[in-house]
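Chemist: predicted coordinates and the sequence they were generated for:
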Amino acid sequence: MVEADPVMRGARNGFLATVVLLVSIGGYQFATIGTVRTSIAATWIVAVLIYYGSQYYYRRTDGEGSNTKDESDN
């Protein structure tokens, strides 16, 4: 099962830590200077793109893998 893979859990935990850090830094900047700096906003955009890109990639490979497995079983 993919969820039990230690590498996948480590990557998921690392991504969660990055998101928590971005929320903390962005919240602090907004509270102190009234805006979020461009570098933090750009990092948010990159994180969102990576998230949706990985969702697309794993959905695509899961679909291809299940088709080849079904064909070999018949």
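Modeler: Done, it's in. Everything numeric in this text was worked out from a predicted model, so none of it was measured.
Chemist: the residue nearest the centre of the chain is in what secondary structure piece?
Modeler: Residue closest to the average C-alpha location in the chain (Cα atoms, centre = their mean): Tyr51, at 3.3 Å. Tyr51 belongs to helix 38-73 when elements are defined using DSSP states H and E.
Chemist: okay, now Ala31: neighbour count?
Modeler: Residue neighbour count, defined by other Cβ atoms under 10 Å, stands at 8 for Ala31. Just so you know, the C-beta spots here come from the backbone N, C-alpha and C atoms, and that holds for glycine as well.
Chemist: low-scoring stretches of this structure, by residue?
Modeler: Segments of the chain classed as low confidence (criterion: pLDDT under 70) are 1-4, 61-74.
Chemist: quick revisit: where does the residue lying closest to the residue nearest to the centre of the chain once chain neighbours are set aside land in three-state SS?
Modeler: If the residues on either side of it in the chain are set aside, Tyr51 comes closest to Phe15, at 7.5 Å by Cβ to Cβ, 6 or more residues apart in numbering. Under the three-state scheme (DSSP: H, G, I helix; E, B strand; the rest coil), the conformation of Phe15 reads as helix.
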